[in-house]
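In: Predicted coordinates and the sequence they were generated for:
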Number of protein chains: 2
Amino acid sequence: MFEAAELGHKLSKGQYKRIEPKLRADLLDAQYELFKNGRFPVVVLISGVRGAGKAETVNLLNEWMDPRHVHTHAFDNPSDEERERPPMWRYWRALPPKGRIGILFGSWYTAPIIDRVYKRTSAKGLSASIEQINHFEQMLADEGALVLKFWFHLSKKRQRKRLKSLQSDPETRWRVDARDWEFFKYYDRFYRVSEKTLRRTSSAHAPWIVVEGSDARYRAATVGKTLLEAMKKRLQRTTERRVPKSQAAPIVRPVDRVHILDRMDLSQKLDKASYSKRIDKFQRRLALAARHPKFAKRNVVCVFEGMDAAGKGGAIRRVTAAMDARFYQTIPIAAPTDEERAHPYLWRFWRHVPRKGRFTVYDRSWYGRVLVERIEGFCSEADWMRAYSEINDFEELLANDGAIVVKFWLQTSKEEQLRRFKEREKTRFKRFKITADDWRNREKWAGYQEAAADMIERTSTDCAPWTLIEANDKYHARVKVLATLVHAIEAALRKR
Amino acid sequence: MFEAAELGHKLSKGQYKRIEPKLRADLLDAQYELFKNGRFPVVVLISGVRGAGKAETVNLLNEWMDPRHVHTHAFDNPSDEERERPPMWRYWRALPPKGRIGILFGSWYTAPIIDRVYKRTSAKGLSASIEQINHFEQMLADEGALVLKFWFHLSKKRQRKRLKSLQSDPETRWRVDARDWEFFKYYDRFYRVSEKTLRRTSSAHAPWIVVEGSDARYRAATVGKTLLEAMKKRLQRTTERRVPKSQAAPIVRPVDRVHILDRMDLSQKLDKASYSKRIDKFQRRLALAARHPKFAKRNVVCVFEGMDAAGKGGAIRRVTAAMDARFYQTIPIAAPTDEERAHPYLWRFWRHVPRKGRFTVYDRSWYGRVLVERIEGFCSEADWMRAYSEINDFEELLANDGAIVVKFWLQTSKEEQLRRFKEREKTRFKRFKITADDWRNREKWAGYQEAAADMIERTSTDCAPWTLIEANDKYHARVKVLATLVHAIEAALRKR
């Protein structure tokens, strides 16, 4: 992968002078068109060996284009707010919105490569990271992002020469530190690990472009031209969708039309006295668990989904009543804001991922993609089809970082829903809970049920299982929610 | 102030039972109306002595209302991202958007009171904090927020009793820690400092409500009722503006109609050779200053304002060209997003305040309030009139926290602007820089000039002075911008 970048590529001053003005003007044009059209973000990764001109190139891109619409992010040591979330959180935070160019200096590749070079992870660990990265970049591309990954390379000989020459000039001496020479000692290992990583993560939708870093003019022109061509090509594309609808595999219905939700025993009930006693008991246990010293290193992501009037709000309140308001957040999911709409679908959920020691309760969630968005046609079939694995990836990242992920589907019968709708319309302080939308959704009951059954089947995983809640009886439902949550947290605290 | 909260206020179970259901339903109604109407945010501060039931009351409010639209924030130790910004940054971050209720547990009062009790600040220091707080809360109110501040009080005797009883119950023992008893030792000092602070920060638009904390039913009903009444009263108000237009004092024009911008010598020029030499020199010095070890504890907030085509973009690029793209951010100010619109005016600028060791360059800025918004009538006269002092407060907070605040007004003649407009229309990669808006604004040249002169006069302060840049000649303008910036940074680095 790196051989071609050791040929001593060069551009003479004259050649460069002929290319540069037009390249620059064209880049500015393309950038402006991107900004105006606002249909997709451009994500540019800048990686590679030290001393290969990464910083200079980033500065040059900012000079060539309108720096006001370029978002440059350098990833040094994570802040404590970042450290208390999954490693990917900081990159999600930095993703550029549609219409902008985001330059990421350092990226999700940095830690996996360094960890492997220093043998802090095994070959398998690296493979797992690579797989995660591939999924993530696939998602970015599917969400419409133009992803370009530049790797700045220097041969060992040239890198040594470069570091030495930087060091000998008083103007640039500050740029070389002990870490540079330490990394240089591991040059060969870096070479092998990077090569493997690049090879396995270069794809049509997120290609690696290896750039020889020794000649400033050559590397600048290469990066500029590549970026320009990719933007132009993408801007010319008239259709917005990457994946044609027909490419999504159809979901095959069980031939007998029976699904998991049909098999629930909705007659389950609890009398008021046992309810009070048990709710009380589980609330105490929940409060205790949240104060357990080990909980300081865990967090809880709790998802509530269910048909309208299934009792999500009531169940959530029984959960939060047990907790200290300082340590939980309830996130009601409604229409996205314009900042949220300008980012990949999961961005609005990532922003609320709790720190360690905290709870986030999502009242409806990312599953909207495969429920309401699927049923109402707010996204294409291809979009919601791929959402299953995107969601599984997301929840796996949370779980790997120590989050306890608990997901509830609250199920009532269609008759019970009707009874509740009518009751809501009568009760003064429940009136606001019932809208015309609810009645409209009710007409699509069967569709929603089918979508929910698919969702449960495809996203109930070991690390983030669904719990089905029979919710015709509110007492039964709430106790089961609390019991499940308490058991999940207690089990997690026993483990580590 | 606290005497009335030591009377042993109480509510019997029977009384409470009669009040609670209606209070709860009314609160929910009011909350829903607030949510629907979306015209203002409600900011509820929860402060007071330990053991007085603050956490219980917050939990209860979350139980009574729809917790999905209540944002509860507890302020414990600041994170590193927070520590590297002015102390107010974390509170700006937590302000609820319009239509929501934000409960702030701990607030901008915590540090000033504790610092004074522990004698880390002088009486004068506390006074300065109080003044800052008053300005801040005035701004919140002027921006439309409903601000309610609850202080939970216990007499010394009752606090001792309360801490002991919490401690003796195994269920609640965890809630009392060494810090509680340490604070208790300082009870009298806390009493005096809090009393003084409350007295001097209780205003019609942000009143303190002192609540006796010993009886759970009494304090819950008091907080609930106060919040309800305030919300209802505010929701009934039909006009949106707090300050009637007529209350704003008029700005009196100099009778000879000569203002500061008229006195600028726009004929100043630089030839290309001196330009190149000097730009180069100052860029080197800027790069060096940014790498100075002391710079790690400072940051730079750099504002560019000026008429259209005055050369802001070009000047910004000469500044950023000297810097490493990893350490600066250029923020172009255009129309606010909907999240930004849902917050007080300055919120969108606070979010980009740089961490230590970083630069933020604002291409247009908060001064839009007193320039374009004033001229185009996007805000009322009262709004832009108060903006001068809000802006001065904002910049003072930045400067007090170590920021180097540098502000440039770039001035061309009206003829030079015309020449540049025409040139832009001709030049390929400048076309996007000229729009119909620019031509429209040009017609209001005199108004903008007057607004700019007022702005400079009212917001050029010691800690954040304006520098006027004669910009008919780009070379002169760029060199003066860079020289000013370099001198400001170098002077600041010499100081501490």
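Out: Good, I have the coordinates.
In: residues touching A:Pro465, list them.
Out: Contacts for A:Pro465 were tallied using Cβ atoms under 8 Å, 6 or more residues apart in numbering or on different chains; they are A:Lys407. For the C-beta atoms, the positions are set from N, CA and C on the backbone; glycine is no exception.
In: mind listing the helices for the stretch 301-450 of chain A?
Out: With helices called from DSSP state H, counting those that start in this stretch, the stretch 301-450 of chain A shows them at A:312-320, A:338-341, A:347-350, A:372-376, A:381-400, A:414-426, A:436-443, A:445-459.
In: okay, now the nearest residue to A:Val193 once chain neighbours are set aside: neighbour count?
Out: In space, not counting the residues next to it along the chain, A:Val193 is nearest to A:Arg116; the distance is 4.7 Å by Cβ to Cβ, 6 or more residues apart in numbering or on different chains. Other residues near A:Arg116 come to 24 when the count uses other Cβ atoms under 10 Å in any protein chain shown.
In: Now name the helix or strand holding A:Arg116.
Out: Taking DSSP states H and E as the definition, one finds A:Arg116 inside helix A:110-117.
In: what comes up buried for that helix?
Out: Within helix A:110-117, the residues that count as buried by 16 or more other Cβ atoms under 10 Å in any protein chain shown are A:110-113, A:115-117.
In: Quick check: the gap between the residue nearest to A:Val193 and chain B.
Out: Distance, A:Arg116 to chain B, by Cβ to the nearest Cβ, to the nearest Å: 24 Å.
In: now A:Gly144
Out: The span separating A:Gly144 from chain B equals 19 Å under the rule Cβ to the nearest Cβ.
In: State the pLDDT value of the nearest residue to that residue once chain neighbours are set aside.
Out: Nearest in space to A:Gly144, with sequence neighbours left out and distances taken as Cβ to Cβ, 6+ apart, is A:Phe40 at 4.3 Å. Looking at A:Phe40, its pLDDT stands at 95.
In: A:Pro67 now?
Out: According to the predicted model, the pLDDT of A:Pro67 comes to 83.
In: ok, for it, nearest residue in space, not its chain neighbours?
Out: Spatial nearest neighbour of A:Pro67, chain neighbours left out: B:Thr330 (4.8 Å); criterion: Cβ to Cβ, 6+ apart.
In: Near that neighbour, how many other residues are there?
Out: The tally of other residues near B:Thr330 (other Cβ under 10 Å) stands at 26.
In: what sits against it?
Out: Residues A:67-68, A:70, B:316, B:320, B:360-361, B:363 are the ones in contact with B:Thr330 under the rule Cβ under 8 Å, 6+ apart.
In: Then A:Gln268?
Out: A:Gln268 touches A:470, A:472-473, A:476, counting by Cβ under 8 Å, 6+ apart.
In: how about 6 Å then?
Out: Each residue near A:Gln268 by Cβ atoms under 6 Å, 6 or more residues apart in numbering or on different chains is listed here: A:470, A:476.
In: List the buried residues in the lowest-mean-pLDDT helix or strand in chain A.
Out: Lowest on mean pLDDT, DSSP states H and E among the helices and strands of chain A sits helix A:436-443, with a mean of 88. By 16+ other Cβ under 10 Å, the buried positions in helix A:436-443 come out as A:438, A:441-442.
In: Closest one of these to A:Val301?
Out: Within the set of these, A:Asn441 lies nearest A:Val301; the separation is 25.4 Å, counting by Cβ to Cβ.
In: Now do the residue lying closest to that closest one once chain neighbours are set aside against A:Asp437, distance only.
Out: The spatial neighbour of A:Asn441 that comes closest, neighbours along the chain excluded (Cβ to Cβ, 6+ apart), is A:Asp308 at 5.8 Å. A:Asp308 sits at a distance of 8 Å from A:Asp437 (criterion: Cβ to Cβ, to the nearest Å).
In: A:Leu346 now?
Out: Computed as Cβ to Cβ, the A:Leu346 to A:Asp437 distance reads 24 Å.
In: List the buried residues in stretch A:420-428.
Out: Judged by neighbour count (16+ other Cβ under 10 Å), stretch A:420-428 contains these buried residues: A:420-421, A:424.
In: Ok, stretch A:457-473 next?
Out: When burial is assessed from 16+ other Cβ under 10 Å, stretch A:457-473 yields the following buried residues: A:458-460, A:464, A:466-473.
In: what helices or strands is the helix or strand just after the helix holding A:Arg116 leaning on?
Out: Sequence order places helix A:123-142 as the next helix or strand after helix A:110-117, per DSSP H and E. Using 3 or more Cβ pairs under 6 Å, 6 or more residues apart in numbering or on different chains; DSSP states H and E as the contact criterion, the secondary-structure elements in contact with helix A:123-142 are helix A:110-117, strand A:146-153, helix A:187-201, helix A:381-400.
In: how much does the first one deviate in direction from helix A:123-142?
Out: Helix A:110-117 and helix A:123-142 are oriented at 160 degrees to each other (axes from the mean of the first three to the mean of the last three Cα atoms, to 10 degrees).
In: in terms of contact, does A:His9 touch A:Tyr218 like I think?
Out: Yes - with contact taken as Cβ atoms under 6 Å, A:His9 and A:Tyr218 are classed as touching, separated by 4.7 Å.
In: more neighbours, the two?
Out: Between A:His9 and A:Tyr218, counted using other Cβ under 10 Å, the more crowded position is A:Tyr218 (20 against 17).
In: what sits against the more buried one?
Out: Contacts of A:Tyr218 by Cβ under 6 Å, 6+ apart are A:9-11.
In: could you redo the last one with a cut-off of 7 Å?
Out: Under the criterion of Cβ atoms under 7 Å, 6 or more residues apart in numbering or on different chains, the contact partners of A:Tyr218 comprise A:9-11, A:212.
In: In strands, which of the residues you listed appear?
Out: For the contacts of A:Tyr218, membership in strands holds for A:Glu212, with DSSP state E as the criterion.
In: Mark which of the contacts of A:Tyr218 are buried, thanks.
Out: In terms of neighbour count (16+ other Cβ under 10 Å), the buried residues within these are A:9, A:11, A:212.
In: Which one of these is nearest to B:Ala451?
Out: Ranking the buried ones among the contacts of A:Tyr218 by separation from B:Ala451, with Cβ to Cβ as the measure, puts A:Leu11 on top at 49.1 Å.
In: Do I have it right that that closest one meets A:Ser214?
Out: No - with the criterion set as Cβ atoms under 7 Å, A:Leu11 and A:Ser214 do not qualify as a contacting pair; they are 11.3 Å apart.
In: Perfect, that will be all.
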